[in-house]
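J.: Model the structure of this input:
(one chain, ligands or ions: 2)
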Amino acid sequence: MTPTTREECAALDAADPLAALREEFVLPEGVIYLDGNSLGALPRSTPARVADMIEREWGQDLIRSWNDAGWWDKPRTLGAKVAPLVGADTDEVVVGDGASANLFKCLVTALRLSDRSVVLGEAGNFPTDLYVTEGAVGLAGAQQRRIDPDGPGLAQELAREDVAVLLLSHVDYRSGVLRDMAGITRLAHEHGTLVIWDLCHSVGAVPIELSGNDVDFAVGCTYKYLNAGPGAPAFLYAARRHHAAADQPLSGWHGHARPFDFTPDYEPAPGVSRFLSGSQPLVADAALEAGLDVWAKADLAHVRTKSLAMTDLFLARAASVGLASITPAEHERRGSQVALVQPEEGAGYPIVQALIERGVIGDFRAPDVMRFGFTPLYLRYVDVYDAATALVEVVESGEWRAERFNRRSQVT
Ligand SMILES: Cc1ncc(COP(=O)(O)O)c(C=O)c1O
Ligand SMILES: Nc1c(O)cccc1C(=O)C[C@H](N)C(=O)O
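T.: Ligands and ions are numbered 1, 2, ... in the order given. A predicted model of the protein is given here:
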(Lines give C-alpha, C1' and ligand atoms only; values in the text may rest on other atoms or scores of the structure.)
(Ligands and ions follow the chains in the order given, each with its own letter.)
Protein backbone atom coordinates (compact mmCIF):
# COMPACT_ATOMS: atom_id res chain seq x y z
CA MET A 1 0.00 0.00 0.00
CA THR A 2 1.27 3.48 -0.84
CA PRO A 3 2.20 5.54 2.23
CA THR A 4 0.34 8.86 2.33
CA THR A 5 1.75 10.56 5.43
CA ARG A 6 5.25 11.28 6.72
CA GLU A 7 4.49 9.10 9.77
CA GLU A 8 3.66 6.15 7.54
CA CYS A 9 6.93 6.74 5.67
CA ALA A 10 8.88 6.79 8.94
CA ALA A 11 7.23 3.50 9.95
CA LEU A 12 8.23 1.95 6.63
CA ASP A 13 11.82 3.15 7.17
CA ALA A 14 11.87 1.56 10.61
CA ALA A 15 10.89 -1.80 9.09
CA ASP A 16 13.00 -1.49 5.92
CA PRO A 17 15.34 -4.49 5.42
CA LEU A 18 17.64 -2.25 3.36
CA ALA A 19 17.81 0.57 5.91
CA ALA A 20 21.31 -0.23 7.18
CA LEU A 21 22.80 0.08 3.70
CA ARG A 22 22.24 3.83 3.70
CA GLU A 23 25.10 4.03 6.21
CA GLU A 24 27.40 2.66 3.55
CA PHE A 25 27.13 5.88 1.53
CA VAL A 26 28.45 9.41 1.81
CA LEU A 27 25.36 11.60 1.51
CA PRO A 28 25.77 15.35 1.83
CA GLU A 29 23.85 17.06 4.62
CA GLY A 30 20.68 18.78 3.44
CA VAL A 31 20.52 16.97 0.10
CA ILE A 32 17.88 14.53 -1.10
CA TYR A 33 19.51 12.88 -4.05
CA LEU A 34 17.12 11.82 -6.82
CA ASP A 35 19.74 11.59 -9.56
CA GLY A 36 21.33 8.24 -8.75
CA ASN A 37 19.94 7.05 -12.08
CA SER A 38 22.51 9.32 -13.74
CA LEU A 39 25.43 9.27 -11.27
CA GLY A 40 25.19 7.07 -8.19
CA ALA A 41 26.29 8.18 -4.72
CA LEU A 42 29.76 7.55 -3.28
CA PRO A 43 30.12 4.41 -1.13
CA ARG A 44 31.98 5.15 2.13
CA SER A 45 34.48 2.38 1.42
CA THR A 46 35.49 3.71 -2.02
CA PRO A 47 38.11 6.34 -1.06
CA ALA A 48 40.06 3.89 1.12
CA ARG A 49 39.77 1.12 -1.48
CA VAL A 50 41.07 3.42 -4.22
CA ALA A 51 43.81 4.77 -1.94
CA ASP A 52 44.92 1.21 -1.14
CA MET A 53 44.98 0.35 -4.82
CA ILE A 54 47.14 3.37 -5.55
CA GLU A 55 49.44 3.41 -2.53
CA ARG A 56 49.94 -0.29 -1.87
CA GLU A 57 49.09 -2.17 -5.05
CA TRP A 58 50.64 0.39 -7.38
CA GLY A 59 53.02 2.35 -5.10
CA GLN A 60 54.60 -0.50 -3.17
CA ASP A 61 53.95 -3.65 -5.12
CA LEU A 62 54.38 -2.10 -8.55
CA ILE A 63 54.21 -4.45 -11.50
CA ARG A 64 53.83 -7.51 -9.27
CA SER A 65 50.22 -6.43 -8.71
CA TRP A 66 49.21 -7.69 -12.14
CA ASN A 67 49.43 -11.12 -10.52
CA ASP A 68 49.40 -10.56 -6.77
CA ALA A 69 46.50 -8.10 -6.65
CA GLY A 70 44.60 -9.82 -9.46
CA TRP A 71 44.82 -6.87 -11.86
CA TRP A 72 44.99 -9.07 -14.93
CA ASP A 73 41.80 -10.87 -14.03
CA LYS A 74 39.76 -7.84 -12.91
CA PRO A 75 37.55 -7.85 -16.03
CA ARG A 76 36.49 -11.39 -15.12
CA THR A 77 36.40 -11.15 -11.32
CA LEU A 78 34.39 -7.93 -11.50
CA GLY A 79 32.23 -9.48 -14.22
CA ALA A 80 31.48 -12.31 -11.82
CA LYS A 81 30.29 -9.76 -9.24
CA VAL A 82 28.01 -8.09 -11.82
CA ALA A 83 26.61 -11.45 -13.00
CA PRO A 84 24.11 -12.02 -10.14
CA LEU A 85 22.72 -8.53 -10.65
CA VAL A 86 21.82 -9.35 -14.25
CA GLY A 87 20.84 -13.01 -13.87
CA ALA A 88 23.82 -14.33 -15.78
CA ASP A 89 26.42 -17.00 -15.10
CA THR A 90 29.76 -15.68 -13.91
CA ASP A 91 31.55 -16.72 -17.10
CA GLU A 92 29.17 -14.73 -19.31
CA VAL A 93 30.06 -11.23 -18.12
CA VAL A 94 33.22 -9.13 -18.38
CA VAL A 95 33.88 -5.62 -17.14
CA GLY A 96 35.81 -3.19 -19.25
CA ASP A 97 35.68 -0.19 -21.57
CA GLY A 98 32.54 1.96 -21.69
CA ALA A 99 28.93 1.16 -22.50
CA SER A 100 29.22 2.81 -25.94
CA ALA A 101 32.33 0.80 -26.85
CA ASN A 102 30.74 -2.43 -25.62
CA LEU A 103 27.61 -1.69 -27.59
CA PHE A 104 29.72 -1.33 -30.71
CA LYS A 105 31.40 -4.68 -30.04
CA CYS A 106 28.06 -6.43 -29.50
CA LEU A 107 26.41 -4.87 -32.54
CA VAL A 108 29.17 -5.81 -34.96
CA THR A 109 29.50 -9.27 -33.40
CA ALA A 110 25.77 -9.88 -33.75
CA LEU A 111 25.72 -8.63 -37.34
CA ARG A 112 28.56 -11.03 -38.14
CA LEU A 113 26.61 -13.92 -36.56
CA SER A 114 23.59 -13.22 -38.77
CA ASP A 115 23.06 -13.52 -42.50
CA ARG A 116 20.79 -10.47 -42.37
CA SER A 117 21.82 -6.83 -42.35
CA VAL A 118 19.25 -4.73 -40.50
CA VAL A 119 19.66 -3.36 -36.99
CA LEU A 120 16.30 -2.48 -35.48
CA GLY A 121 16.53 0.18 -32.81
CA GLU A 122 14.28 2.59 -30.99
CA ALA A 123 13.82 6.13 -32.22
CA GLY A 124 13.85 7.54 -28.69
CA ASN A 125 16.80 5.59 -27.31
CA PHE A 126 19.61 7.32 -25.44
CA PRO A 127 21.53 9.03 -28.24
CA THR A 128 24.76 7.09 -27.84
CA ASP A 129 22.90 3.89 -28.80
CA LEU A 130 21.72 5.57 -32.00
CA TYR A 131 25.12 7.06 -32.80
CA VAL A 132 26.99 3.82 -32.13
CA THR A 133 24.49 1.91 -34.27
CA GLU A 134 25.08 4.42 -37.06
CA GLY A 135 28.83 3.79 -36.81
CA ALA A 136 28.47 0.01 -36.62
CA VAL A 137 26.07 -0.35 -39.56
CA GLY A 138 28.25 1.98 -41.62
CA LEU A 139 31.29 -0.23 -41.09
CA ALA A 140 29.40 -3.49 -41.51
CA GLY A 141 27.54 -2.45 -44.65
CA ALA A 142 24.22 -2.87 -42.80
CA GLN A 143 21.23 -0.58 -42.28
CA GLN A 144 19.49 0.86 -39.25
CA ARG A 145 15.71 1.07 -38.85
CA ARG A 146 14.06 2.78 -35.88
CA ILE A 147 10.68 2.23 -34.27
CA ASP A 148 8.74 2.97 -31.10
CA PRO A 149 9.25 -0.35 -29.26
CA ASP A 150 6.22 0.26 -27.05
CA GLY A 151 3.81 0.34 -30.01
CA PRO A 152 2.69 -2.20 -32.66
CA GLY A 153 5.70 -1.35 -34.87
CA LEU A 154 8.01 -3.73 -33.05
CA ALA A 155 6.06 -6.90 -33.91
CA GLN A 156 5.45 -5.67 -37.47
CA GLU A 157 9.13 -4.95 -38.10
CA LEU A 158 10.25 -8.28 -36.65
CA ALA A 159 7.66 -10.08 -38.81
CA ARG A 160 9.47 -8.81 -41.94
CA GLU A 161 12.13 -11.39 -41.01
CA ASP A 162 15.01 -9.26 -42.26
CA VAL A 163 16.17 -7.97 -38.88
CA ALA A 164 19.57 -9.27 -37.81
CA VAL A 165 19.71 -7.52 -34.45
CA LEU A 166 17.23 -5.81 -32.17
CA LEU A 167 18.80 -3.26 -29.81
CA LEU A 168 16.61 -1.91 -27.03
CA SER A 169 17.01 -0.21 -23.69
CA HIS A 170 15.50 -2.31 -20.94
CA VAL A 171 14.40 0.85 -19.11
CA ASP A 172 13.92 3.99 -21.17
CA TYR A 173 16.24 6.75 -19.91
CA ARG A 174 13.63 9.45 -20.33
CA SER A 175 10.23 7.94 -19.45
CA GLY A 176 11.38 5.13 -17.16
CA VAL A 177 9.29 2.60 -19.14
CA LEU A 178 10.42 -0.97 -18.35
CA ARG A 179 10.28 -3.33 -21.32
CA ASP A 180 9.16 -6.94 -21.23
CA MET A 181 12.56 -8.57 -21.66
CA ALA A 182 11.13 -12.10 -21.68
CA GLY A 183 8.36 -11.49 -24.22
CA ILE A 184 10.36 -9.29 -26.58
CA THR A 185 13.40 -11.57 -26.58
CA ARG A 186 11.17 -14.59 -27.30
CA LEU A 187 9.37 -12.79 -30.13
CA ALA A 188 12.65 -11.66 -31.69
CA HIS A 189 14.06 -15.19 -31.54
CA GLU A 190 10.90 -16.59 -33.16
CA HIS A 191 11.67 -14.32 -36.11
CA GLY A 192 15.36 -15.24 -36.28
CA THR A 193 16.57 -11.97 -34.71
CA LEU A 194 19.34 -11.63 -32.13
CA VAL A 195 18.74 -9.30 -29.19
CA ILE A 196 21.00 -6.81 -27.43
CA TRP A 197 19.65 -5.18 -24.28
CA ASP A 198 21.09 -1.92 -22.98
CA LEU A 199 20.81 -2.26 -19.19
CA CYS A 200 22.21 1.16 -18.25
CA HIS A 201 18.96 2.23 -16.56
CA SER A 202 17.88 -1.17 -15.27
CA VAL A 203 20.93 -2.77 -13.66
CA GLY A 204 20.58 -2.26 -9.92
CA ALA A 205 17.13 -0.78 -10.50
CA VAL A 206 15.10 -3.91 -11.27
CA PRO A 207 15.77 -7.67 -11.10
CA ILE A 208 17.11 -8.93 -14.45
CA GLU A 209 17.22 -12.46 -15.89
CA LEU A 210 19.55 -12.53 -18.90
CA SER A 211 20.31 -16.27 -18.95
CA GLY A 212 16.77 -17.27 -18.00
CA ASN A 213 15.42 -15.24 -20.91
CA ASP A 214 17.99 -16.52 -23.42
CA VAL A 215 19.23 -12.99 -24.12
CA ASP A 216 22.02 -12.93 -26.68
CA PHE A 217 24.03 -9.85 -25.63
CA ALA A 218 23.75 -7.02 -23.14
CA VAL A 219 25.73 -4.02 -21.99
CA GLY A 220 25.38 -1.70 -19.04
CA CYS A 221 27.14 1.10 -17.26
CA THR A 222 28.11 0.95 -13.59
CA TYR A 223 28.16 4.59 -12.57
CA LYS A 224 24.39 4.86 -12.09
CA TYR A 225 22.66 2.40 -9.73
CA LEU A 226 25.88 0.43 -9.13
CA ASN A 227 27.61 3.50 -7.65
CA ALA A 228 31.01 2.92 -9.27
CA GLY A 229 31.88 6.57 -9.89
CA PRO A 230 31.86 8.96 -12.86
CA GLY A 231 32.99 7.31 -16.09
CA ALA A 232 33.46 3.92 -14.39
CA PRO A 233 34.06 0.89 -16.64
CA ALA A 234 31.00 -0.79 -18.13
CA PHE A 235 30.10 -4.47 -18.49
CA LEU A 236 29.31 -6.74 -21.37
CA TYR A 237 27.27 -9.95 -21.31
CA ALA A 238 27.43 -12.53 -24.07
CA ALA A 239 25.41 -15.75 -23.84
CA ARG A 240 27.73 -18.73 -23.57
CA ARG A 241 26.26 -20.30 -26.74
CA HIS A 242 27.72 -17.41 -28.78
CA HIS A 243 31.23 -17.42 -27.33
CA ALA A 244 32.89 -19.79 -29.77
CA ALA A 245 31.61 -18.02 -32.89
CA ALA A 246 31.75 -14.44 -31.61
CA ASP A 247 34.02 -12.33 -33.79
CA GLN A 248 34.18 -8.95 -32.11
CA PRO A 249 35.66 -6.03 -34.05
CA LEU A 250 37.98 -4.48 -31.43
CA SER A 251 40.27 -7.49 -31.22
CA GLY A 252 43.10 -6.64 -28.84
CA TRP A 253 45.66 -8.48 -26.80
CA HIS A 254 43.56 -8.70 -23.59
CA GLY A 255 41.09 -10.75 -25.62
CA HIS A 256 43.77 -13.07 -27.03
CA ALA A 257 43.86 -16.77 -26.18
CA ARG A 258 47.52 -16.55 -25.05
CA PRO A 259 48.37 -12.88 -24.61
CA PHE A 260 51.82 -13.51 -23.16
CA ASP A 261 52.94 -15.52 -26.16
CA PHE A 262 53.06 -12.17 -27.98
CA THR A 263 52.35 -13.82 -31.30
CA PRO A 264 51.68 -11.60 -34.34
CA ASP A 265 48.34 -13.22 -35.19
CA TYR A 266 45.11 -12.80 -33.31
CA GLU A 267 43.50 -15.85 -31.78
CA PRO A 268 40.48 -15.07 -29.60
CA ALA A 269 40.26 -16.35 -26.04
CA PRO A 270 37.78 -19.22 -25.72
CA GLY A 271 35.16 -17.55 -23.48
CA VAL A 272 33.68 -14.12 -22.89
CA SER A 273 37.24 -12.78 -22.46
CA ARG A 274 37.42 -12.50 -26.24
CA PHE A 275 35.29 -9.36 -25.88
CA LEU A 276 38.15 -7.58 -24.11
CA SER A 277 40.42 -5.31 -26.08
CA GLY A 278 43.28 -3.56 -24.26
CA SER A 279 44.38 -2.54 -20.76
CA GLN A 280 41.68 -1.48 -18.36
CA PRO A 281 41.49 1.50 -15.96
CA LEU A 282 42.47 -0.33 -12.79
CA VAL A 283 42.11 2.65 -10.46
CA ALA A 284 38.52 2.99 -11.64
CA ASP A 285 38.09 -0.78 -11.26
CA ALA A 286 38.94 -0.41 -7.56
CA ALA A 287 36.08 2.08 -7.16
CA LEU A 288 33.75 -0.21 -9.07
CA GLU A 289 34.68 -3.11 -6.81
CA ALA A 290 33.76 -1.07 -3.72
CA GLY A 291 30.37 -0.28 -5.29
CA LEU A 292 29.75 -3.94 -6.15
CA ASP A 293 30.71 -5.08 -2.66
CA VAL A 294 27.87 -2.96 -1.27
CA TRP A 295 25.51 -4.60 -3.76
CA ALA A 296 26.58 -8.03 -2.53
CA LYS A 297 24.76 -7.19 0.73
CA ALA A 298 21.47 -6.21 -0.97
CA ASP A 299 18.54 -8.39 -1.98
CA LEU A 300 17.20 -7.25 -5.36
CA ALA A 301 13.67 -8.35 -4.44
CA HIS A 302 13.73 -5.92 -1.49
CA VAL A 303 15.17 -3.23 -3.77
CA ARG A 304 12.33 -3.70 -6.23
CA THR A 305 9.59 -3.63 -3.57
CA LYS A 306 11.00 -0.45 -2.05
CA SER A 307 11.56 1.20 -5.44
CA LEU A 308 7.93 0.63 -6.46
CA ALA A 309 6.60 1.94 -3.16
CA MET A 310 8.78 5.04 -3.50
CA THR A 311 7.80 5.76 -7.09
CA ASP A 312 4.12 5.15 -6.22
CA LEU A 313 4.38 7.71 -3.44
CA PHE A 314 6.12 10.30 -5.58
CA LEU A 315 3.74 9.79 -8.51
CA ALA A 316 0.68 10.19 -6.29
CA ARG A 317 1.92 13.44 -4.78
CA ALA A 318 2.96 14.84 -8.19
CA ALA A 319 -0.52 14.03 -9.50
CA SER A 320 -2.03 15.94 -6.57
CA VAL A 321 -0.67 19.19 -8.09
CA GLY A 322 -1.69 18.24 -11.61
CA LEU A 323 1.71 17.07 -12.86
CA ALA A 324 1.31 14.48 -15.61
CA SER A 325 3.62 11.49 -15.72
CA ILE A 326 5.03 9.62 -18.70
CA THR A 327 6.19 6.89 -16.33
CA PRO A 328 3.67 4.04 -16.42
CA ALA A 329 1.30 3.52 -13.51
CA GLU A 330 1.58 -0.29 -13.94
CA HIS A 331 4.34 -1.72 -11.82
CA GLU A 332 5.42 -4.26 -14.41
CA ARG A 333 6.13 -1.44 -16.89
CA ARG A 334 8.03 0.88 -14.53
CA GLY A 335 11.75 1.13 -13.82
CA SER A 336 13.03 3.02 -10.79
CA GLN A 337 12.43 6.58 -11.89
CA VAL A 338 9.59 9.02 -12.31
CA ALA A 339 9.37 11.29 -15.35
CA LEU A 340 6.98 14.19 -15.09
CA VAL A 341 5.92 16.44 -17.90
CA GLN A 342 6.30 20.15 -17.32
CA PRO A 343 2.99 21.85 -16.40
CA GLU A 344 3.49 24.59 -18.99
CA GLU A 345 5.89 25.35 -21.83
CA GLY A 346 9.40 26.04 -20.51
CA ALA A 347 8.57 25.23 -16.86
CA GLY A 348 10.42 21.91 -16.50
CA TYR A 349 13.97 23.21 -16.37
CA PRO A 350 13.33 25.99 -13.84
CA ILE A 351 11.22 23.73 -11.62
CA VAL A 352 14.12 21.27 -11.42
CA GLN A 353 16.52 24.14 -10.68
CA ALA A 354 14.24 25.48 -7.94
CA LEU A 355 14.18 21.99 -6.39
CA ILE A 356 17.97 21.78 -6.56
CA GLU A 357 18.19 25.10 -4.69
CA ARG A 358 16.06 23.46 -1.98
CA GLY A 359 18.45 20.50 -1.87
CA VAL A 360 16.33 18.08 -3.92
CA ILE A 361 18.46 16.98 -6.85
CA GLY A 362 16.71 15.61 -9.93
CA ASP A 363 17.35 16.47 -13.57
CA PHE A 364 15.70 17.77 -16.71
CA ARG A 365 15.74 15.94 -20.03
CA ALA A 366 14.90 17.96 -23.11
CA PRO A 367 12.47 18.76 -24.43
CA ASP A 368 10.05 18.58 -21.53
CA VAL A 369 10.80 15.93 -18.90
CA MET A 370 11.52 16.41 -15.20
CA ARG A 371 13.25 13.22 -14.14
CA PHE A 372 13.65 11.79 -10.64
CA GLY A 373 15.58 8.60 -9.88
CA PHE A 374 14.92 6.40 -6.84
CA THR A 375 17.78 4.41 -5.34
CA PRO A 376 16.54 2.16 -2.52
CA LEU A 377 20.04 1.46 -1.19
CA TYR A 378 20.45 4.96 0.17
CA LEU A 379 17.09 6.73 0.03
CA ARG A 380 14.57 6.61 2.87
CA TYR A 381 10.82 6.78 2.45
CA VAL A 382 10.83 10.04 4.41
CA ASP A 383 13.29 11.49 1.89
CA VAL A 384 10.86 10.69 -0.88
CA TYR A 385 8.03 12.23 1.11
CA ASP A 386 10.06 15.40 1.75
CA ALA A 387 11.17 15.63 -1.88
CA ALA A 388 7.57 15.33 -3.02
CA THR A 389 6.57 18.05 -0.54
CA ALA A 390 9.25 20.31 -2.01
CA LEU A 391 7.95 19.61 -5.51
CA VAL A 392 4.38 20.39 -4.49
CA GLU A 393 5.50 23.66 -2.86
CA VAL A 394 7.65 24.74 -5.80
CA VAL A 395 4.79 24.17 -8.24
CA GLU A 396 2.08 25.72 -6.05
CA SER A 397 4.12 28.79 -5.06
CA GLY A 398 5.35 29.52 -8.57
CA GLU A 399 8.81 30.24 -7.13
CA TRP A 400 10.36 28.53 -10.16
CA ARG A 401 9.42 31.59 -12.23
CA ALA A 402 12.34 33.53 -10.74
CA GLU A 403 14.83 34.54 -13.43
CA ARG A 404 17.80 32.81 -11.75
CA PHE A 405 16.29 29.36 -12.35
CA ASN A 406 16.40 29.81 -16.10
CA ARG A 407 20.17 30.12 -16.56
CA ARG A 408 21.23 26.94 -18.34
CA SER A 409 24.42 25.08 -17.49
CA GLN A 410 26.33 22.77 -19.81
CA VAL A 411 25.54 19.49 -18.09
CA THR A 412 21.95 19.13 -17.01
C1 LIG B 1 20.75 3.95 -22.30
C2 LIG B 1 22.16 4.44 -22.14
N3 LIG B 1 23.15 3.84 -22.83
C4 LIG B 1 24.44 4.26 -22.71
C5 LIG B 1 24.76 5.31 -21.87
C6 LIG B 1 26.14 5.79 -21.68
O7 LIG B 1 27.15 5.30 -22.42
P8 LIG B 1 28.62 5.65 -21.98
O9 LIG B 1 28.84 5.15 -20.60
O10 LIG B 1 29.46 4.99 -23.01
O11 LIG B 1 28.74 7.14 -21.99
C12 LIG B 1 23.76 5.97 -21.13
C13 LIG B 1 24.04 7.12 -20.22
O14 LIG B 1 24.96 7.87 -20.33
C15 LIG B 1 22.44 5.52 -21.29
O16 LIG B 1 21.46 6.12 -20.61
N1 LIG C 1 27.27 9.35 -18.68
C2 LIG C 1 27.08 10.67 -18.47
C3 LIG C 1 28.15 11.54 -18.65
O4 LIG C 1 29.37 11.04 -19.00
C5 LIG C 1 27.97 12.93 -18.46
C6 LIG C 1 26.72 13.39 -18.08
C7 LIG C 1 25.65 12.55 -17.92
C8 LIG C 1 25.83 11.18 -18.15
C9 LIG C 1 24.71 10.24 -18.05
O10 LIG C 1 24.91 9.15 -17.60
C11 LIG C 1 23.41 10.62 -18.55
C12 LIG C 1 22.42 9.50 -18.37
N13 LIG C 1 22.70 8.34 -19.19
C14 LIG C 1 21.01 9.93 -18.62
O15 LIG C 1 20.14 9.07 -18.71
O16 LIG C 1 20.72 11.09 -18.68
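J.: Of all the residues in the stretch 151-300 of the chain, which one is nearest ligand 2?
T.: Per Cβ to the nearest ligand atom, residue 173 is where the stretch 151-300 of the chain lies closest to ligand 2, at 3.7 Å. Where you see a C-beta, it was placed from the backbone N, CA and C, and this is true even at glycine.
J.: contacting residues for that residue?
T.: Going by Cβ atoms under 8 Å, 6 or more residues apart in numbering, residue 173 touches 125, 126, 200, 201, 365.
J.: try 10 Å this time
T.: By Cβ atoms under 10 Å, 6 or more residues apart in numbering, residue 173 lies in contact with 37-38, 124-127, 129, 198, 200-201, 224, 335, 337, 339, 365, 369, 371.
J.: check those residues against ligand 2, which are close?
T.: Among the contacts of residue 173, the ones lying near ligand 2 by Cβ under 6 Å from any ligand atom are 38, 126.
J.: Report the secondary structure element holding the nearest residue in space to residue 246 that is not next to it in sequence.
T.: Closest residue in space to residue 246, ignoring its immediate chain neighbours: residue 109 at 5.0 Å, by Cβ to Cβ, 6 or more residues apart in numbering. Using DSSP states H and E, residue 109 sits within helix 99-113.
J.: cool, residue 353 as well?
T.: Using DSSP H and E, residue 353 falls within helix 348-357.
J.: Mind pulling the model confidence for the residue nearest to residue 246?
T.: As predicted, residue 109 sits at a pLDDT of 98.
J.: Tell me, how many residues neighbour it?
T.: For residue 109, the count of nearby residues is 27 (other Cβ atoms under 10 Å).
J.: show me the contacts for it.
T.: Residues near residue 109 by Cβ under 10 Å, 6+ apart: 136, 165, 194, 196, 216-217, 236, 238, 242, 245-250, 274-275.
J.: cool, residue 125 as well?
T.: Contacts for residue 125 (Cβ under 10 Å, 6+ apart) come out as 131, 133, 146, 149, 167, 168, 169, 172, 173, 174, 198.
J.: Nearest to ligand 1: which residue in the stretch 251-400 of the chain?
T.: Counting by Cβ to the nearest ligand atom, the stretch 251-400 of the chain gets nearest ligand 1 through residue 365, at 10.2 Å.
J.: Residue 339 is in contact with that residue, correct?
T.: Yes. Between residue 365 and residue 339 there is a contact at 7.6 Å, judged by Cβ atoms under 10 Å.
J.: Quickly list what's touching both of the two.
T.: Residues touching both residue 365 and residue 339 (Cβ under 10 Å, 6+ apart): 173, 174, 175, 371.
J.: out of these, who's nearest ligand 1?
T.: residue 173 (4.1 Å).
J.: Just the element for that closest one, please.
T.: Residue 173 belongs to no helix or strand, assigned by DSSP H and E.
J.: Now do the helices in the stretch 101-250 of the chain.
T.: Secondary structure of the stretch 101-250 of the chain by DSSP state H, counting those that start in this stretch: the helices cover 127-140, 153-159, 181-190, 240-243.
J.: how about those helices in TSV, adding mean pLDDT, mean neighbour count and distance to ligand 1?
T.: Putting those into TSV (pLDDT from 0 to 100; neighbours: other Cβ atoms under 10 Å; distance: least, Cβ to the nearest ligand atom, whole Å) gives the following:
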stretch	mean pLDDT	mean neighbour count	distance to ligand 1
helix 127-140	97	17	5
helix 153-159	97	16	17
helix 181-190	98	17	15
helix 240-243	98	15	21
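J.: could you dump these to a markdown table with distance to residue 30?
T.: Output for those, formatted as a markdown table (distance: least, Cβ to Cβ, whole Å):
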| stretch | distance to residue 30 |
| --- | --- |
| helix 127-140 | 33 |
| helix 153-159 | 44 |
| helix 181-190 | 38 |
| helix 240-243 | 48 |
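J.: what residues are up against residue 372?
T.: Here residue 372 is in contact with 32, 34-35, 37, 176, 310-311, 314-315, 318, 327, 336-340, 352, 355, 360-363, 384, 387-388, 391 (Cβ under 10 Å, 6+ apart).
J.: Could I get the phi/psi values of it?
T.: phi -130, psi 120 (degrees, to the nearest 10).
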